Every structure is written in C-alpha cells, then in structure tokens.
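Peer 1: Quick one, fold the following:
(2 chains)
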Amino acid sequence: MKKIFVYTTLILTAFSCRKDNYEAPSSMLSGHITYQGVPVNVSSKDVTFELWEPGWGKNGAINVAVNEDGSYSALLFNGNYKLIIPPSQGPFRSITDAETKSDTMLLTINGSREMDIEVMPYYMIRDAKMELSGTTAVNSSCRLEKIITDANARNVESVFLYLNQTSFVDATNYIARSSLSGGDITDPANVHLSVNIPDVISGTGITGDQDYVFARIGVKISGVEDLLFSEVQQINLK
Amino acid sequence: MKKYLLTLAAALVMISGCVKDDEFLSTDPKDLLTDEAVWKSPDLVLSVLADLYNRYPEQQTITNWAEFTNFDEAFPSESGQYWRTKQVDYPYDWWNLWDYGYIRDLNLFVQKCSAANELAADVRARFVAEARLLRAAIYFEEVKRMGGVPLILEPMEYNFSGDPTYLQHARAKESDIYDFVISEMDSIKTVLPDDAGIKSRATKWLALAMQSRAALYAASIAKYGATTPSVSLPGGEVGISADKATAYYQRALAAAQEIIGSGKYSLYKKKAEDLEENFASLFYDKANNPEVIFAQDFKLKSGKTQEWTIINQPWSSAEEQQGGRINPSLNLALLYEKLDNTYSPFATNNGSDYMYYDNPKDIFAGRDARLGGTIILPGTKFKGVPLDIWAGVMYWKDGKYNTITGDNFGDLDSIPVAGAPKSSQVVGTDGPVDGLQFSAQTGFFVRKFMDPAVGSGQIGTRSDVWWVRYRYAEVLLNAAEAAFELGQPGLSSTYMNQLRERAGFTTPLTDAEISFDRIVHERRVELAFEGHEMFDNKRWRLAHKVWNGETISANDVISNIGKADKINTMIYGLWGYKIFNPGSPNHGKWVYRVVKPSNVTAAHRFNFGNYYSRIGSDILSNNPKLVKNPNN
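Peer 2: Numbers count the residues shown, from 1 in each chain, chains lettered A, B, ... in the order given. Next up, the predicted model:
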C-alpha cells in the first residue's frame, strides 16, 4: 500500500510540471563599439547603451554593458529594437543616424547578428606600447589623436598609466598608477609615462607568486566622465 | 390555524425585519473617523497633522543609522553592513524620492482644513500654515534629490474617463521648486507662532531657517553648477543659471539675519566648564534648549522612542549584547583643528620613532572641543564608565616591536616575553578588533545624540533624545556662507567665530582667513552626523571630486587637511597600542597607528549620475511628460 502511494507520488511529481511556455531569448546581438572599425576601449562595467523594444505597454530599457575591449553582447528575442547611446556614456559622442536623423538607431533582430556600432570618440590612443623597464618600472608611450576637432572638441585633462594584478585595469581597479596632466603634454604624438611596480603585486588579493602584471593607458578628457583606454597589455616580469 | 399563524408571522418578519436599503448601507463605521467628524474638532485635526509631521522626509537620521556610513564619515561596525565600504559606485536610484502620496495627503489637508469653518479662524490658519510648511519641506527634499519635479498644489482626482493624460504634469524647473519653497515660507511665517519654545511643531523661526537653507542650496547650485555643465537639462529641470546666484545668496542671508536679529535663539552654552560635554549636551538636553529650532521629538513609555544609543553604545558600558555600530572615521576626526586654528594630523610618529603618550587621550589634547563632543575618544568616559579602546600590546623583543592582540572584546593572552604575567589583557573591551562587529573598528564611537540616561541602551526602555533638524548654529553657518559668497568676509567671520568660540577657540579667524575651504570645513565639523554632508557636497558640486573612486593611502588621509576637494574615498582608523617593555621609560605608555579596517576594500565613486537620482522607469512610463535626469 505504502509502495503504491510512493510510486503514485513519484509519477504525479514527474508529470506535474510542464516546460515553461516561453522560449528563452536566443538571438545574440554582439559586436564592438568602434571608430572606423577600430574598437574603442573603455573601463570595466561603466559604459552602457540602451535597447528599447516599443509596443509592450510600459517602457523600460535593456541596458547593455560594454566590455573593457569595446565589445558587447546581448541575448534578445527577435523583434524590432531602438538603440540609443545615452549622451553621458563613454568617452565618445554618438553619430547621427542617417535613417532616423537622431541618435536613435533602428535595429531588427531576426536570429543572431554581429554589428559594430560606430561612434565619434574625442580622442584615440594610437600605437600604445607598454614594456618593462629594468625590473621595477613599466614605461609606456602612445600617440593621442584628436578625433573631434570642431566646436565639441575637448581637452585632455590627464593621462594615466595603470597597473593591476588582473586584466581588469581601469580607474577603480589598479595597484599602481602614474599620471601626466594634460597641460604638461608637449607633443600629443609622443606621450610617455612610467610607473613603478609595487613590491607586492598580490597586495589586494591572493595571486601567489605572480610574475606578471597588466598595464593600460587611460585618458581623462575634461568634462567627460568615462575614461578612454588603450588595450590591456600583459607585462611579464621575468 | 397554525398555517395562518405561520404565514402571518413570516409576513411580519419580512416586512419589519429589514430596514430600508439606503439606511442599511449607511451605518456609521465604528473604527474610522469620517471627514465631517474630523474637521470639526481641533484635537482630531491635530492628530491628522501629527501623522503628516511623522512622515517628514529624511535620509540620514538617528532612526536609520546605517545611512551615516555610506560616505567617509563613519564605518559600519555590523557584519551585515560591510558592503557599504566594499562597493565602488553609489546606485543611481539610491536616494530617489517620488512621494506624491504624501504630497497628496498634504494637499488634501490644506484644501479641507481651509474649508473647515467650524474651527476657530486662528486655529485653522495655524494648521494650514503647518501643512504648507510640511508640503514645502517635501518639495525641498524632492528638489535636493531629484531636481525639479511636477509642482502639484491641489489634490488631483481621476474622473474614470479612461484617459488619465490630464493628470500627467511635466517637471517644473529646479529653480521653480526652490522659489516655491522660499515664497511659501514668506507667506506662512506671519501666521505661524513666533514662540521659540516650540520645538517639535512649525514656528515662524523654522520657516525662516528653512527659507535660509533652501535659498542657500539654490544659490550654490547656481554658482557651482557652472563647473559641471553636464549635470543640467536644457529645460532647467536640473541646473540653475549662474546669474541667479547673488539673489539667492541675499535671500539666504536675509532670512538667517532675521532669526539672528530676533534674539530668540542663542548657542547652547549651559556647560561652559566642559566644552566637550557642552557640545554633546546640546543634542540631548531638551529642557529650555536655546539652540534647537525644530526637532523630531520622542517620549519614553509612549511607544515613540528611538534606539540610537542601543545601536551605538560602547561595549564597555553596553546594556545589551550590542552597540558600537557607527565608528567615526579618522578622516573626520582629524578635521578638528588644534586650538591655534591650524590643521594637523594626530601625532603618531616623531621622525623615526613612535610618539609615546602617558594616557590614551593625550594624543587628542588641545583640539576643537567638538571633536570630543561628536566622537567618543579613547581615554574618555561614557555613562561614567571609562572607555577601553586599544588594539593590542606592542612588546619589545629581538630589537623590535612585535604586536599581540586578541580576537574578542578584552581578550586575555600571554605576552611572549620573559617576566610577563602569565595572562593579561591584550585588546580593549571596546575593541578595535578588525572585522568584529560592534567593536570600534576605527578606534572611535559616535557621541552626538547619544543618551547618557540609564536605560537608554536597553531594548525595553530605549531613548527619548530628539533628532535635531534645524538649529541655530546652522543658521549662523548659512549666514556666514552667504555673506562670504556676497563678498562680505567681515560679516562672515563674525558669524563663524561665534561657533568657534563655543568650540574653545580663543583666537578669532580674521576676515582674510575666511575662504571657501573654511566654510566647507566649518560645516563638516559642526554638522557631522546631522544629515548634511552629502547634500552639501552635492550643492557645491564637490561630490564627484571628493568621492572620485581613487584609492587613498594612509599618507593621503593625513595630508591636505581642510581642503574642500580633498579626496576622501576610503575610511581609515586610528588604533592605539599599549607598550610592554619593562625597564624602558616607555613601558605602559600608548602609541597610535593609522590603519585601514580590512573591510574597507573599495574607494567610493560619486558619478555625475548621482547628483540627481534616477526617476524609476515605472514613473517615467506612466507619465511621458517627464524627462529623465542627466547621466543616468
């Protein structure tokens, strides 16, 4: 008798749930934030853009975060979306869309799609080189190319060279940094920075005998909140 | 026969058993007061008003202790709250406020009370004026956090037509809301009583104090908002044009001067023999307090009590197995100047060696009395019990100092030196023990608003110390700031020196010494733990500079003291150690170290998007006329 009860319960349990009646979103929208095809590097978790899917009653944006290397991805349902980069986001300005004549881009998602989003950065960091100097310092050199030169142009407030123990290197994630004020830059085509490597690289976490650090150049543009970055580079100390 | 009788009886029951339908449905409720009943009786109207007073908007307050630990003023010594020192960014919706339920209730009160003809005219006028003051207070709070909001002054009714668009209103300009607050105060100040003895209800002087504060906020947003052009909206919902600054500063100064000139208030100086105790007492002494203008009052055994003392009592004198939560930071403590008007870090080192102190309190000697009045320092007493705040024993062995400490309040251990007692105390009864909740993890406890009465630390008794919302010292500071910004440093120093004299300074600041940094500094030290810091830093547009996300070192903390835009992203502490070195003159003396509690891992970052909080997407989609705040 007890057995029957147990089996009945088991069978009922097995059939009691049905699969979700909604399919999970399956279309992947991915790509990079680019200027002329070159990804714009930004800080970690700071830059986002918004996707809106109109026609569903109350409005709310899907916020898509841009990764450090300028890439992004979002898992979406098929449908028609509007893409907006809010004006305060990123070390760049959005480009007026030819179709909507505004900062809004129309987007049709039907299956996965690769798409690069072109923007107008205030500057680009070109030819960034970071290398070990002796055993205790990292030297860097780069060329700052001013992209926006019209009325919206901005000055460089300062340039930073950051070091961190992980590959997340930005203004809030660093173990050492040096800076150069924008006014002290004599030749934007030749910006040099040097930073000393801390004695203990694993100062803020457990990394064992780590014999490498990650370095990155960041540019603070005056009046713009988000910094512009170079690509992250691993520096081997041995 | 029986059958007839039954039919007749049934008919009778049918006819007489039911009352008329409309009467049946209109029985007076016994558990609710109806509108008509309320608006006849001054007592009932007062109880409606009491509810409205009780909903006065607040962010940092003594009944919400953890909010005091979001910035750099204090560390949260409770294990569930360490995240506050571990997160970098402040969420954009953290301080958002959209309380139109409260505003509607206030509008209804103003409308119905104005029409309540059965109340005496003067009683009615005072009630209406009080509700208008509360309504201005909530709009002031809205504009501080959100910028311009829709200015609704009539209760709105939905007509069930299926089309609610006529209820949707666009946001007013930021300056419009400030103008509203200022003009409301002008029109109600003559109606409200001018009795300075009233502390928990609105008076003429509260109206003027609020006007002064609001005008000062508007003025500084107009002036310093120019430095952050991206924190503004083209429609003026956020941002005030710079040319309005002077007029607002003049309003702020005039309102403050009206209070000062009336002579109804003065700085609290009842305990001139002990200035630290005097400053602490200003917040808990409720009898004829000459300084308090408006407070949220509490009463023992009435159900309306508060638990600030339970939350923050030192372990050594605790009346429950808890306390010690708010640990003021070293960053705040070292802002308190030396009595010769100079800034100086606490002397921990003397070139190559530690500074040795005979008593734990000696390192804090010769400072602004507000230091000891605001913060419970090592070597002082609370409720007559000496504080026992020290982090460990430093013993001399093998040619250097070694440290021994415990991991619980007042732990015992044996110091590994020949001749040491077998077991002795190696850490203070109050901590600091790094990571141990309720211990003084920065080396300090908060003293402001702490109740010295016996039982105030018991859950069964609690405390009736009031929460001071407006006091005369702030009015003086408002006047000092406005006068400075209007190019009258002489007037400014007159006001500021009154506060400083009460704090024990004997040399007044000269006119030339009054600067923006001084104004910012004086407000921080005088008004710490009174809910001003964040909003002050917002209106001066300093917040994004002070909390910029950059890691700071112990050396950064003790340098640049008194600079308004000094980076203050991480909380540091000051830990005392007892020297164990028998035979040396330093044996038994005290040394101090600057330390960062291990739970402080992130450097706080205040983004442009934090200046004006996010309006929720449900609110935005309900009302398409609203514009979003900038940068979020």
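
Peer 1: Counting by contacts, list what the host helix or strand of B:V45 packs against.
Peer 2: Secondary structure assignment for B:V45, by DSSP states H and E: helix B:42-54. For helix B:42-54, the helices and strands in contact under the criterion 3 or more CB pairs under 8 Å, 6 or more residues apart in numbering or on different chains; DSSP states H and E are helix B:35-38, helix B:100-114, helix B:121-146. Every C-beta, even on glycine, is put in place using the N, C-alpha and C of the backbone.

Peer 1: Quick check: which of these is nearest to A:I217?
Peer 2: Comparing those against A:I217 with CB to CB, the closest turns out to be helix B:121-146 (37.0 Å).

Peer 1: Each with direction, which strands does whichever helix or strand comes after the helix holding B:V45 pair with?
Peer 2: With elements assigned by DSSP H and E, the helix or strand that comes after helix B:42-54 is strand B:74-76. Strand B:74-76 pairs in its sheet with strand B:326-328 (antiparallel), by DSSP bridges.

Peer 1: Not counting the strand it pairs with itself, show me its contacts.
Peer 2: Contacts of strand B:326-328 from elsewhere in the structure, counted by CB atoms under 8 Å, 6 or more residues apart in numbering or on different chains, are B:65, B:68-69, B:73-77, B:311-312, B:374-375, B:440-446, B:528-529, B:573.

Peer 1: Quick check: beta-bridge partners of B:K397?
Peer 2: Under the criterion DSSP bridges, B:K397 forms beta bridges with B:K400.

Peer 1: Please look at it and B:P416 and confirm they touch.
Peer 2: Yes: with the criterion set as CB atoms under 8 Å, B:K397 and B:P416 qualify as a contacting pair; they are 7.2 Å apart.

Peer 1: of these two, who's got more company?
Peer 2: B:K397 (13 against 10; other CB atoms under 10 Å in any protein chain shown).

Peer 1: So which residues on chain A come close to chain B?
Peer 2: Proximity of chain A to chain B is assessed by CB under 8 Å from any CB of the partner chain, with A:57-61, A:86, A:88, A:171-172, A:174, A:204, A:223, A:225 identified as the residues in range.

Peer 1: Give me the buried entries from those.
Peer 2: With burial judged by 16 or more other CB atoms under 10 Å in any protein chain shown, the buried subset of these is A:A61, A:P86, A:S88, A:A171, A:T172, A:Y174, A:T204, A:E225.

Peer 1: Which two of those residues have the greatest separation?
Peer 2: Across these (CB to CB), the longest gap, 33.9 Å, separates A:A61 and A:T204.

Peer 1: Could you list the buried residues of the lengthiest strand in chain B?
Peer 2: With residue count as the measure and DSSP state E as the assignment, chain B has strand B:573-580 as its longest strand. When burial is assessed from 16+ other CB under 10 Å, strand B:573-580 yields the following buried residues: B:G573, B:L574, B:W575, B:G576, B:Y577, B:K578, B:I579, B:F580.

Peer 1: Now render these as CSV, adding distance to B:A255 and pLDDT.
Peer 2: As requested, those are arranged in CSV below (distance: CB to CB, whole Å; pLDDT from 0 to 100):
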residue, distance to B:A255, pLDDT
B:G573, 40, 96
B:L574, 40, 96
B:W575, 45, 96
B:G576, 45, 95
B:Y577, 50, 96
B:K578, 52, 95
B:I579, 55, 94
B:F580, 59, 93
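
Peer 1: among those residues, which are in reach of chain A?
Peer 2: Counting by CB under 8 Å from any CB, no member of the buried residues of strand B:573-580 reaches chain A.

Peer 1: Among these, which one lies nearest to chain A?
Peer 2: Nearest to chain A among the buried residues of strand B:573-580 is B:G573, at 18.3 Å by CB to the nearest CB.

Peer 1: what residues are up against that closest one?
Peer 2: Contact partners of B:G573, counting by CB under 8 Å, 6+ apart, are B:75, B:327, B:329-330, B:432, B:441-444, B:594-597.

Peer 1: Give the buried residues for stretch B:482-496.
Peer 2: With burial defined by 16+ other CB under 10 Å, the residues of stretch B:482-496 counted as buried are B:482-486, B:488-489, B:491-496.

Peer 1: B:G239: which of these is nearest?
Peer 2: B:G239 lies nearest to B:E485 out of the buried residues of stretch B:482-496, by CB to CB, at 18.2 Å.

Peer 1: Tell me how far that closest one lies from B:A564.
Peer 2: Distance from B:E485 to B:A564, counting by CB to CB, to the nearest Å: 14 Å.

Peer 1: Residues of chain B that sit close to chain A?
Peer 2: That would be B:88, B:229-230, B:549-551, B:601-603, B:605, B:607-609, B:617-618, B:620-622, B:630-632, which are the residues of chain B within reach of chain A (CB under 8 Å from any CB).

Peer 1: And the buried ones among those, selectable in ChimeraX?
Peer 2: Restricted to the buried members of the residues of chain B next to chain A, where burial is judged by 16+ other CB under 10 Å, the ChimeraX selection command reads as follows:
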select /B:88,549,550,551,601,602,603,605,607,608,609,620,630,631,632
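
Peer 1: Please list the members of the residues of chain B next to chain A that lie in helices.
Peer 2: Taking DSSP state H, the ones among the residues of chain B next to chain A that sit in helices are B:S617, B:D618, B:L620, B:S621, B:N622.

Peer 1: lowest-confidence helix or strand of chain B?
Peer 2: Ranked by mean pLDDT, DSSP states H and E, the weakest helix or strand in chain B is helix B:21-24, scoring a mean of 68.

Peer 1: Helices along chain A, start to end?
Peer 2: Taking DSSP H as the criterion, chain A carries its helices at A:2-16.

Peer 1: Name the nearest residue to A:H192, ignoring sequence neighbours.
Peer 2: Counting by CB to CB, 6 or more residues apart in numbering or on different chains, A:H192 lies nearest to A:S141, which is 5.1 Å off, once chain neighbours are set aside.

Peer 1: The closest residue to chain A within the stretch 251-400 of chain B is in what secondary structure piece?
Peer 2: Evaluated by CB to the nearest CB, the stretch 251-400 of chain B has B:N331 as its residue closest to chain A, separated by 18.8 Å. Using DSSP H and E, B:N331 sits in helix B:330-333.
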